[in-house]
Structure formats: structure tokens, C-alpha cells
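In: coordinates for the following, if possible.
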Amino acid sequence: MIPDRSSAGFALLALALMSIFALDAQQAGNAPPTGKILAEADCSAAKLGSEIPVNAIGEPVSAVTLSAPQWHVETGDSPAYCSVEGSMAPVDKSPTARPIRFAVALPASWSRRGAQLGGGGMNGMIPMLTGGIGRGRPTLPAQGFATYGSDSGHQTGGFGMRGGGLGMRGAPGRGAPNPAADQWALNDEAIANLGYMQLKKTHDAAMVLMERAYGERPRYNYFFGTSQGGREALTVAQRYPADYDGIAAEVPIVNFSTLMLAPELIRIQERPLANWVTPAKVNAVRGEFMRQCDKLDGLADGVINNYMACRAIFDVRQGPPNRNPWAAKRCPNNVDPNPQDTSAAACLTDGQIATLEMVYSSYVFATPLVNGVRSFGMWLPNADPSGSGLIAGVRYRGQEGAAENAPMHSHLGALGVTGFLMRDVTANPMDYVEGGPLNQRRVQLSAMLDSTNPDLTAFRKRGGKLIVVIGTNDALASPGAQLAYYQSVLDKMGRAAVDSFARFFVLPQTGHGLSGTAYNTDGDGKPVAVQPIPNTYDRLGLIMDWVENGKSPGKSVTVTAGDRSMPMCSYPEYPKYSSGPAGSAGSYACAAQ
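Out: Below is the predicted model:
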């Protein structure tokens, strides 16, 4: 019998139907997930356990042990949460093998959201799990996210929820080799962990702990990463597409195996003394970039917005053969009359020009690497040509003119050359020979480390959403390689398919921290005011809106810096000036080359 509208039975039926409709709407992404509460009493080994079965982890481990959970009371802007740290033992039992150390932060008030956080540099420490994503927003735990991350399977600097990539734009430098601490770099399981396996292992362990804590897995699961963490973000979209709903990456290093090698390739190119581009030439190099490229966006303002046209000028592998974009800077008769001249008027020798052509053109491999990648994009013309040691002020061991006690060249990724590639952490990385005896190892490492698979179909079909942002002034990552990856995805999937689930943004003349300024001299050689380049956008809001509300970002997004604004355009478009104030987004339109 159908109950009367005034009866208690009808009320119960109505409530039941409302619950069903609410659940359907939530599952369809039309309503925010309802929350759950974790009490201090639940932050215990009795509830969360002391180990996780190895068969719950999707990549091989020999054991997963958990430390005693710790409860953190609410303080100021930090909510109450439960932290759990753990260790995953390697399958390899050799002395060079290392565990993966990971941590999970379980907020007292959970919004049924999870977020895996990427690392930075060469990793080695667990990311800070209690920070935020983007300026002006509360921390992730304060927004109800359960967060998790790992040290990627080797240890440099201790164990605990500190350091790392969350909110950290940029990466530290690397000092002299430490043979004792660097032995993990000789172990293929540790290398594969760094490359991809630690991401799946950490994700799966975190899912177990969320189920134990809250009785279910997150309704929405995200990945946020910058630099190395940005590469990790691309990795999970490529390798583990079923595990994530939304992924946001900034300045991903993409071709990891070659990025570690690239600084050595430059120093090898500069092995002859005649090829050395000295620090005295920085202003001459930068000035020529500005002279030829500043006005390509319609405005002389000390900012190279039309990065694709500028790239085409200085990449000598593009266009007709035997082009010389540096002809105007060539020293008369190939003799530098004043090698110490630091002005923009300084000239360049043929050897120096050859080095610059190499740095700003694609580097072609002897044989293809994983995913059929045949070249590495190197760097784009920019306002910081000496950044991250691209121009060196000393001569290194193995270079002509170096002192007998000269240091070996070292940089953040040098361990990837000496350890991963040469399998000798004390080796001279400048001994590498393209296509030589290490070529097979190069191919093997690229399969473990490079995040270059352009086929993101599985992630798209699953309903995943991806936002990536790069800067063309990035001297630490390779904007050339990043742009090549953008193009490879478009070539593989097509523009319409890519636009349905991904945004590939570019912030011209910003660096590895996505910050930058106009150069103090424009392309006409006139002084200009040094203004910050707008770069602030709501990374978390954009990806959450897309994932949870079906609201896709525009093909361009307005970014700000104080009262200044610009459009952040989708590759390969750039901000082209039309008319109006130079510091207003309305004065520009995203234009194709």
C-alpha cells in the first residue's frame, strides 16, 4: 500500500529516496563528498596495524612495517591529525638495496579526499605532508585531505615528514660525491623505485591505511608535484592511470635520464678551450636573445612571450641548413679583442657560437630511447642563460686548460651519470661518449626513469584530469624537452582528445619556481622597468573544480602578480599584445604561432 503523505512511512520513504539521490549525485561528481571523523583513540596500532600485507602492494616489496601512530593536536591553522610512518623492505637483499620510507597524514576531519605529494631534486626524504597547494589556501589537511608521500627509496637527510617537494619550487644543488651515501645509485631496484615503483607502492600502502582509519578509500584521489615531483605526476598518469582522479604538475623534468646527463654534454662540448662560453658573455647572449625575440609578441618590454618563434630562430636544427642565428655577434676574423668584456656588445668566437648552438638546439641521440624518443630538447632562449650552472666559470677535470687538481664537474643530477649510468660513483662524468659502450645502459635507464609516454588514453578514459605548467626561463629543467612532450601528446592523441582532459600551460620567461621578471633592457636596447611576470593561479581550485564539479579550466587562465595580470596560454599559443596597458591581461590574446 502506498503510504499517506502525512504518515511516518512516507517520511521514511522520502528520506531513503533523498539519500539514494544524494549518493548518486555525489558519485556523479555533482556534490562534494561528505566527511568522516577520526578520533584520537583511533590513532593507534590496534586500529591501524603494525604491518601491511605485501600482496596489498601493486609492485614488489618483501615487507611493509609501520611505526606507532602519532596523534597531533590542533594548533593554530594546523588541524588535528594522525601520522603514520612506515618502511617497505626491498626484494633485492644486496648491500646497495634500500627501503622505501613513507608517511601518511590522516586528518581528524576527513573530506574523503586523498593527495599524494611528489618530491624534489633527487628525492631522499619524505615530502612535507602538512602544507598547502597554492598561495592563500589552507593546508591540505585543513581542507580534509589525507596526504601521503615517500622518500622514493633512498635516504639523504633523515626520515620524517619534512623537506621535499610540497610547495617547494626549485631544487637544491649537489656537492661533492659521497661514495658511502651514494651506493644506492648502483642498485637497479632503487633506481626503478626512484623512477616509478615507489609511487605505486606508496599509493597502495596509503590506501590500506585510509581504509583502516576511515573504513573506505578516498572518493577523490589527487597527485601534486613540482620538478621531480612533476615528473612523478606525469609518471602516475602514464603508468597507474586507475589510481588518480586529478593530477597537477609544475615544471616536470620529463626526460629524467637525459636531464641528468645534459650538463655533462655541455661541459663535454666545451672540452676544447676555444668552445668555452665564459661568464663574461652572459650579457651578450641575453642581449642577442632580446634583440631578436623581444618584439615577436608585438611589444618591446624585456619579456620574450613568443617562445616558439624565438625557439625556431635559435634552434639550428629547425629551418634551412647552415643557418647562423649568431652571425651578428661573431668576432671579426674569429678573434675576440676583449675576452673580459661583460657588456651586451661583447662578441663571440666560432667555438663559443658552436656551443651556444648546441645548448639551444635539440640534442639527437645515437639511438632512440624509451617511447621512441630520439632527441632531448635542451634549453630555450631566455633571460637567464647562466642559470643553474649552464655557463660555468671554471675549467673541470678533463677539459683543456684545467689545472692538475681541477675538480670534476658536479651538479644536482651528476649521481645519475656516475652511479646509474657508469656504475662508479667516483667516475668522471665527462668521460661519457654518445653512442659508446654505455648506450645500451642509456636505453635501459630511460625505460626506468623517463616519463615520456605520450599515450594518456587510459587516464582519459578513466575520467582523469591533468594540468601541467612549465616556464620557458627554466634553467634547471629543460623547457625544450617539456615542449617536445606536450607536442608528442598532441601528435598521439589529437587536440580534441587532449583538450577534453588536459591543459598544457606555458608561462613565458619564468624559471624553475615559475617566477620571473622583465629584463632591464628591451629588444631595442632601451632601459625598461623590471616588473614581476604574473604567475599566481589557483592550482588546487582548478583541478578540484574540473574533477569534482566538471568545470574545465579555460584554454587560457589569468595569472597575477600584485595588480599586474596576464593570460597563461595553452601550448603552443602565447600571450600576444594587442593594445592597452602592458600589465593587464585584457591587453593580450592567446595566439598561435
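
In: mind listing what residue 302 touches?
Out: Neighbouring residues of residue 302 by Cβ atoms under 8 Å, 6 or more residues apart in numbering: 290, 294, 383, 518, 519, 520, 521, 522, 523, 528, 530. Using the backbone N, CA and C atoms, a C-beta is placed for each residue, glycine as well.

In: could I get those residues as TSV with neighbour count and pLDDT?
Out: Compiled in TSV, the contacts of residue 302 are given as follows (neighbours: other Cβ atoms under 10 Å; pLDDT from 0 to 100):
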residue	neighbour count	pLDDT
290	25	98
294	25	98
383	24	96
518	20	97
519	22	97
520	11	97
521	20	97
522	19	97
523	23	97
528	19	96
530	11	96
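
In: farthest pair in the residues you listed?
Out: Pairwise distances among those were taken by Cβ to Cβ; the largest, 15.3 Å, belongs to 523 and 530.

In: so residue 224, which of the three states?
Out: Assigned state for residue 224: strand (three-state reduction, DSSP: H, G, I helix; E, B strand; the rest coil).

In: show me what it is bridged to.
Out: Counting by DSSP bridges, residue 224 forms beta bridges with residue 117, residue 248.

In: make residue 1 into 24 and carry on from there
Out: Fine by me, first position is 24 from now on; the one you just mentioned is residue 247.

In: surely it touches residue 155?
Out: No. Distance between residue 247 and residue 155: 10.0 Å, which falls outside the contact criterion (Cβ atoms under 8 Å).

In: mind listing the shared neighbours of the two?
Out: With Cβ under 8 Å, 6+ apart applied, the overlap between the contact sets of residue 247 and residue 155 consists of residue 563.

In: neighbour count: these two, which is higher?
Out: The neighbour comparison of residue 247 against residue 155 (other Cβ atoms under 10 Å) goes to residue 247, with 30 against 18.

In: tell me the contacts of residue 80?
Out: Counting by Cβ under 8 Å, 6+ apart, residue 80 makes contact with 87, 111, 223, 224, 227, 228.

In: so which strand or helix has the third one?
Out: Right, residue 223. Applying DSSP states H and E as the criterion places residue 223 in helix 221-237.

In: that helix: how far from the chain's middle?
Out: How far helix 221-237 lies from its chain's middle: 23 Å, per Cα atoms, centre = their mean, to the nearest Å.

In: quick check: mean pLDDT of that helix?
Out: Confidence over helix 221-237, taken as the mean pLDDT, stands at 98.

In: returning to that earlier point: between the contacts of residue 80, which is nearest residue 309?
Out: For residue 309, the closest of the contacts of residue 80 turns out to be residue 223, at 42.9 Å, with distances computed as Cβ to Cβ.

In: against residue 258, how distant is that closest one?
Out: From residue 223 over to residue 258 the distance is 9 Å, taken as Cβ to Cβ, to the nearest Å.

In: what do you get for residue 158?
Out: Residue 158 sits 26 Å away from residue 258, going by Cβ to Cβ.

In: of those two, who's got more company?
Out: In this comparison of residue 158 against residue 258, neighbours counted by other Cβ under 10 Å, the higher total goes to residue 258 at 28 against 10.

In: packing partners for the helix or strand that contains that one?
Out: Here residue 258, judged by DSSP H and E, is contained in helix 251-262. In this structure, helix 251-262 makes packing contacts with helix 221-237, strand 243-249, strand 269-273, strand 488-494, judged by 3 or more Cβ pairs under 8 Å, 6 or more residues apart in numbering; DSSP states H and E.

In: in terms of helices and strands, where is residue 128?
Out: Under the assignment given by DSSP H and E, the secondary-structure element containing residue 128 is strand 123-130.

In: pairing partners for whichever helix or strand comes after that strand, with directions?
Out: Taking DSSP H and E as the definition, the helix or strand that follows strand 123-130 towards the C-terminus is strand 132-133. When pairing is defined by DSSP bridges, strand 132-133 lines up against strand 59-60 (antiparallel).

In: from residue 305, how far out is the closest residue to residue 304 other than its chain neighbours?
Out: The spatially closest residue to residue 304, leaving aside those adjacent along the chain, is residue 369, at 5.9 Å (Cβ to Cβ, 6 or more residues apart in numbering). Here residue 369 is placed at a distance of 9 Å from residue 305 (Cβ to Cβ).

In: fine by me, we can end here.
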